[in-house]
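Asker: I need the structure of the sequence given here:
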Amino acid sequence: MGTIYYGGSATPIHIDDRTLAHLKVVIATKLRRDESFTVSWPHPEDQPRGRSTIWLHSSIPMRFVFDNPEPEDLSREWIDKLSLSANSSGGILLVAENVEEPPDDVSDDSPQVVDIATR
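Answerer: Coordinates of the predicted model:
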């Protein structure tokens, strides 16, 4: 379980290492271009129902900490999905890595989400 320490918040954001590795690439790319955006996630089942959103800006300090010392193998497709989300007006909504597309005759616009824990 990886962790993002964001700004002066005493509440770290816990995200599994694989998800965090992909998110880090997108965040670093956007902030390097001096582009601000939001990241949202649903609250884990052990917390009150809801979701959280943070505003990311290059002037706000951030640190990524990974439990696994070995870097993850990255999926270009997942990074692309997260990047598209980051470029939207709603910002990044963490989505599952292997989202299966519904059949053409089924319309389901609901987002797939990744469980992450915050403390």
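
Asker: Which of the helices or strands spans Asp80?
Answerer: helix 76-86 (DSSP states H and E).

Asker: who's in contact with His57?
Answerer: 31, 36 (Cβ atoms under 8 Å, 6 or more residues apart in numbering). For every residue, glycine as well, the C-beta is placed using N, CA and C.

Asker: measure the most centrally placed residue in the chain to His22 for me?
Answerer: Nearest to the mean C-alpha position of the chain, counting by Cα atoms, centre = their mean, stands Leu94 at 4.3 Å. Going from Leu94 to His22 by Cβ to Cβ, to the nearest Å gives 9 Å.

Asker: Between those two, which contacts overlap?
Answerer: When Cβ under 8 Å, 6+ apart defines a contact, the residues bordering Leu94 and His22 alike are Leu82.

Asker: for the helix holding Asp80, packing partners?
Answerer: In terms of contacts (3 or more Cβ pairs under 8 Å, 6 or more residues apart in numbering; DSSP states H and E), helix 76-86 is packed against helix 17-32, strand 92-93.

Asker: I'd like the mean pLDDT over the last one, please.
Answerer: Along strand 92-93, the predicted local confidence has a mean pLDDT of 88.

Asker: For the remainder of this discussion, apply numbering that starts at 730.
Answerer: That works, and once the first residue is 730, the last one we named lands at strand 821-822.

Asker: Show me the contact partners of it.
Answerer: Strand 821-822 is contacted from outside by 752, 755, 766-770, 811, 814-815, 840, 842, using Cβ under 8 Å, 6+ apart.

Asker: Turn those residues into CSV, columns for distance to Phe793 and pLDDT.
Answerer: Below are these laid out as CSV (distance: Cβ to Cβ, whole Å; pLDDT from 0 to 100):
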residue, distance to Phe793, pLDDT
Leu752, 8, 94
Val755, 12, 95
Phe766, 16, 94
Thr767, 17, 94
Val768, 13, 93
Ser769, 18, 91
Trp770, 15, 85
Leu811, 15, 92
Ser814, 18, 90
Ala815, 16, 91
Pro840, 23, 43
Val842, 20, 44
